[in-house]
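[1] any chance you could fold what I've pasted below:
(chains A, B and C)
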Amino acid sequence: MKRVYVNEKWCLGCHLCEYNCAFANSDETDMARALKDIKIHPNIQVEENNGIYFAVSCRHCDEPLCVKGCITGALTINDGVITIDKNKCIGCYTCILSCPFGAVAPSEEGVVQKCELCMKTHDGIPKCVQGCPNAAIVFEER
Amino acid sequence: MIKYVIIGNSAAAIGAVEGIRQVDKKGEITIISNESHHTYSRPLISYLLLGKTDEQRMKYRPDDFYEKNNCKTLFSKTVTNIDSKKKTVTLDDNTSISYDKLLVSTGSSPFVPPMDGLDSVKNKFSFMTLDEAKALDSALTSDSKVLIVGAGLIGLKCAEGIHAKVANITVIDLAPNILSSILDTQGSAIVQKHLESKGVVFKLGDSVQKFTEKTALLKSGGTIDFDVLVLAVGVRPNTQLVKDAGGEVNRGIVINERMETSIPDIYSAGDCTEGMDISIGQNRILALLPNAYMQGECAGKNMAGEACVFDKAIPMNAIGFFGLHIITAGTYDGEVYEDLHDGYKKLFYKDDLLKGYILIENIKKAGIYTSLIREKTPLSTIDFTLICENPGLMAFGREVREEKLGGLKR
Amino acid sequence: MAIDYFYPEYEVARNNDRCITCRVCERQCANNVHSYVEQLNKMTSNDANCVNCQRCVSLCPTKALKIVKSDNTFKLNNNWNQKTMKEVFLQAENSGVLLSSMGNPEPYPIYFDKILLNASQVTNPSIDPLREPMETRMFLGSTVHKIERDKKGNLINNLTPHLKLALPIMFSAMSYGSISYNAHESLARAAEELGTYYNTGEGGLHEDFYKYSKNTIVQVASGRFGVHKDYLNTAAAIEIKMGQGAKPGIGGHLPGTKIVGDVSRTRMAPEGCDAISPAPHHDIYSIEDLRQLVFSLKEATDYKKPIIVKIAAVHNVAAIASGIARSGADIIAIDGFRGGTGAAPTRIRDNVGIPIELALASVDARLRNEGIRDNVSLVVGGSIRSSSDVFKAIALGADSVYIGTAALLALGCHLCRSCHGGKCNWGIATQVPELVKRLNPNIGYKRLVNLLEAWNHEIMEMMGGMGINSIESLRGNRLMLRGVGLNEKELEILGIKHAGE
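    Take a look at the predicted model:
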C-alpha cells in the first residue's frame, strides 16, 4: 500500500505541508480565501528543533492501536487507509492516548481529526506530498 | 471446520470475531449475549443521555457486522453452565451448544455493597448497560434531585450525561478524592473543581449510613434528599461460569498472554479477566475497552490457530468531563516530572523507564508517552528532557525516526 | 555611515489580501527580508536585504508575493546611469573592488540572436525526427590522419582517446566549493543518465562522486587544488584550465571561511586558509610549456585520457587556439565573455573578453586554414541559453558546447547574481548545510535530464527541418546560417552570409 513517508534529510521546515493539508481539508477552492486570518489545524505537523525538521502524519499502521482502541467504532480501516467517521466519534480521545506517533489530534468540532491520505477530498496523491518543495514527503509503496 | 462459541457481545467478543476472521474465514461463530442489542459501546451510554450520540451511532460495529463476518447470534440468552469435558455450553432455555473453542467475554457487573435501607429506595439504578441507561433516563425530570454513589469513572460520566436534564446532582464517595483510581490528589482536585463549577455537588470521605425512600442519612451526620439514586460504587468481573467449570479464578478469570484460561480450549478476554499489567509486572484486572478489544482479537487469533501474544496491557484512560480532557496511563510510581503551566502534566519514571503519566487539559500527542510505557523504551536512549516538555518524535534518534517515518525496516 | 546612499534596489510587493501569514517566505529567506509582526498578524519586509532571488515568490503558496524593481530614481542621466552612480557611492564608502557573480549582464550584442537557420523547401526533403533515425551523438578528441597497418596488413589501432557524447552538450566546470555538494551530485547523476559529462572545476572530486567518474571531466588549474593520481586516473578526461570567460586573466580566490570540512579535504587545502588560484599557471609561459603539462598529464594517465585545454575568448583567441592545437591537446574549450562565475571583479567580468560566437568562428576558420582543425575538437561555452544557441554554435564549427548557467537555472537559480555572498537560497552556490539541503539531487538531476532531453529533441527537429539526420553533418555547416542586422565585418568573421543572400 502506498503511504506517506518522510525523509528528514530533505525537510526544510517550511511548513507548506501543513498549509496544503489545511487547504485540502477546507471547502474552499482558493487557498487565500480558505486560510486567511485563521489558525490552521492540519493533519500533518512539522516538528522542529535545532535545525532538524520533519513532518509527522498518520502512518496508517498495519496494526493500528487507534482503531483497536476506538470505543465507538468511528475509526476504521478502509483498504488500508485509517479513516475517522466524525459523526460517530464522541471525542473521548482514546485514540490520542493510543497513537505512538501523536498523529491523531482534537478537532475544532470536539471530535478527532487525522490524515486520511486525501482520499475523501482528492484523488491520487495527498496534497502535502504534491506541495512539498523538496520531495521530503513522498507517497509510495515501501 | 472449527466451531467457535463466544459468550458476550461487547468489545472483547467483537475483537475475537475480527481476530478469528483474519485467520479463519469459514469456521462457525456463535455469539451468545444476555442483552437483546446489536453490539454497542458501553462507555457511550453517558454520551447517549448527553445527546452526543444516539442508538444508531453508538453501535460498536455496522449493522451488517454479523452478516459480513458470518456469525450466528443468540441474543437475550444467558449461559448457565460450561461443560469442559463434553465441550458444550448450556443456555437458560436448557439448550446446549457444542464448541471446539470457547471465548468467555462476560464482562463485569455493578457491585452493590450492602447498605441499610437500600431496598426501600424505588428509583435506583445502575449505569452499566444500555437498558439501565434508558431506564434511568426515563425516570429523570427537570426537577429530579439525583444522588450518585461513587465518584469513579462511571459515576462521574453518569453525572455529566444527565447534568442538563435534572435539577441537581450530588455525588458521594467514601474516598477523599474523586477518580481516585486514575488521578493523584492534585489532579483530582482540578477535575473536582471543574465539575463543581458546572453545579455538581460532592460529598467526599463520606458514605450513606441509611437510606429511606428519598433520603440518605450520611455517616457524617447530614442528610441528602433525592428522587433518583444511581449506584456506581464499582464493578465485579463475571467469573462464575469459569469458576464453576473448574477454571482458575482470582478476582478475575486468570489468563496467560495467549488469553488461555486454565481449561483447555477455553479462552477469556475483557473486563472479566485478570492479565499481566506490564507497568507493574503483576496480574490485575484492567477493565478498559481498548484492552478488551486487543485481548479479544488475540484470543480470536489463537482460537483460530494462529499463535498470537498480547503482552502490552497497561492501565490507561482517556476521559473528559464538560470539555475538560484527561488522559492517564501506567502507574504513578517513581520520580516525577511536572509541568503545571499548560494544563496539568505529571510524568512518573523509575529505573530508566517511564512508568505512568497524568495529563489534564493539554492532552496532545499523549500516545507518545503511552508508547514509552508500552514499549518499555529506556529513557537513556531518548532525549528525555525534551520529551518531557514536548511529546514528539524529535526526542528519538534519527535512525528511530527513519524507521518510524521512513518505513525503513531494520 | 550616517547617510544611507542606497535605496533598496528591489521591493517586496505583498498582496495582503492573499497573504495567509504561513511565513514560508520568512523561513526560506537567508537574507532575513521577511518577518512576522505578531501584533498585526502581518508579514513585513526589509527590502534592503532583498537580492531578488525569487525563492519566496516561488514558494509562496498563494502567490501573494512579487519582487519589483524599485522606481526610486536618481535624476535621469544617460551618461551617469543609476548603476554607475551606485557603484561610485559604494566604492566611495568602502574602497573595495566591486564583486559580481554569474555572467556579464551588460547590453552587449548577442550574435546568436542575429543568426537565423535554414530549412528545406521543395527541392530537398526535410526529415521527420519522429519517424526517421536522427543522430546527435558526438565524439570529442583528435582525429587520426593516417590509417596504419602492420606487416601482415592488419589495421593498427592508432585512435587517440575520445569522449563519447550521447548529445552535444556537457556541463561546464563548476567547483565543489563554488557550488554545493547537492548541486554537484545533481550534475553528476544527470551526466550519467544522459550519457554526457560534467566537470569538477578546480575543486577536486569529492570521494562520494568517484562512482560517476566515467562521466566526469576533472580540471587541473593554476592552483592545482585537488589534483592527485587517482583524481586524474579516475576521470574520463582532464581539462587544463588556462582561463575563464567571466574573468580572463584573473585567478581565483576562495576565502578560507569556505575551506571547511569536505571542501578542504576535497581541495587538499588546509581548513581556514584562503585557496588562491594564481592568475597564470606559473609553469606555463608559452605553448611549449603548455605542451609539457599536456604530456605530463598524458604520461600520468597512460595516454588513456583526452586532454582538454580551456581558454577564455580574448582578442587573439584564434592564434592561441592554433598554438594549443599543436600542443598535443585533444580538445580546446573556449569560454565566451558572457560565461558565469561564482565570484569575479565586476570590471573584469563586464569589460574583458569577446563574444563566443565571434571567437568560435575565427578559431574554427583559423584551424581549418592551417589544416589542423582535425587535431582537436572544439567545445564552446559562455552563455549557451537554448537548443538554438547549441545548434548555431555547432553550425559555426563547434563539436559540442558547455552549459553552466543554463544548468544552474534548471536547478533553481534565478540569476540574482549573489553567489559571492555564499547564502544562495536555492542551495546551489552555498556551503551552509541548512541552505544546501534545499537542493534535493533527486529533483535536481531529473530537472537537468529533462532540460537536456528537451534540447536534444529540439535539435533533432531543427536538423530534420533542414534535411540533416546527423549532427556531424551540421558541424561547421555555415551555409545553414544567415545573419540579420549584422555589418560586413561581423558577417565576415562569422563566415556567414546575410539573410537574403
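
[2] wait, is residue C:311 part of a strand?
    Yes. Assessed by DSSP: H, G, I helix; E, B strand; the rest coil, residue C:311 belongs to a strand.

[3] give me the low-pLDDT residue ranges for chain A?
    Along chain A, segments meeting pLDDT under 70 span A:122.

[4] mind jotting down where the strands sit in it?
    Listed in chain order, the strands of chain A (DSSP state E) span A:2-6, A:45-49, A:52-56, A:75-78, A:81-84, A:105-106, A:112-113, A:137-141.

[5] likewise for the stretch 251-400 of chain C?
    C:252-254, C:275-277, C:307-312, C:331-335, C:344-345, C:377-381, C:400-403 (DSSP state E, counting those that start in this stretch).

[6] how is the chain carved up into domains?
    Looking at chain A here, since you left the chain open. The record's domain parsing of chain A by automatic domain parsing lists A:1-57+A:121-142, A:61-114.

[7] meant chain C actually
    As given by automatic domain parsing, the domain ranges for chain C are C:10-96, C:138-498.

[8] list the contacts of whichever residue of the stretch 201-350 of chain C sits closest to chain A.
    In the stretch 201-350 of chain C, the residue that lies nearest chain A is residue C:208 (14.3 Å; C-beta to the nearest C-beta). No exception for glycine: its C-beta is placed from N, CA and C like everyone else's. Contacts for residue C:208 (C-beta atoms under 8 Å, 6 or more residues apart in numbering or on different chains) come out as C:181, C:185.

[9] show me which residues of chain A are close to chain B?
    Chain A has residues A:3, A:5-8, A:47-49, A:52, A:54, A:56, A:59, A:65-66, A:68-69, A:71-73, A:87-88, A:90-102, A:104-106, A:110, A:142 near chain B, with proximity defined as C-beta under 8 Å from any C-beta of the partner chain.

[10] what lies in contact with the lowest-mean-pLDDT helix or strand in chain C?
    The weakest-scoring helix or strand in chain C, judged by mean pLDDT, DSSP states H and E, is strand C:252-254 (a mean of 83). With C-beta under 8 Å, 6+ apart as the test, strand C:252-254 has contacts from C:177, C:178, C:202, C:221, C:222, C:223, C:267, C:274, C:275, C:276, C:277, C:343.

[11] measure the last one to residue C:417 for me?
    Spelled out, that is residue C:343. Going from residue C:343 to residue C:417 by C-beta to C-beta, to the nearest Å gives 10 Å.

[12] how about the third one?
    Residue C:202 sits at a distance of 21 Å from residue C:417 (criterion: C-beta to C-beta).

[13] between those two, which one's more packed in?
    Taking other C-beta atoms under 10 Å in any protein chain shown, residue C:202 and residue C:417 do not tie; residue C:202 has more neighbours (30 against 20).

[14] my guess is that one contacts residue C:173. True?
    Yes. Using C-beta atoms under 8 Å, residue C:202 is in contact with residue C:173, at 7.5 Å.

[15] overlap of the contact sets of these two?
    C:219, C:241.

[16] what pairs with residue C:497 across the strands?
    Note on residue C:497: beta-bridge partners by DSSP bridges are residue C:482.

[17] can you read off the pLDDT for residue B:361?
    Here the pLDDT value assigned to residue B:361 is 95.

[18] hmm, it is touching residue B:327, no?
    No. Between residue B:361 and residue B:327 there is no contact under C-beta under 8 Å: 10.0 Å.

[19] give me the more crowded residue out of the two.
    More crowded of residue B:361 and residue B:327, by other C-beta under 10 Å: residue B:327, with 28 against 17.

[20] thought the more buried one was touching residue B:315?
    No. Look at residue B:327 against residue B:315 with C-beta under 8 Å: they stay out of range, at 11.8 Å.
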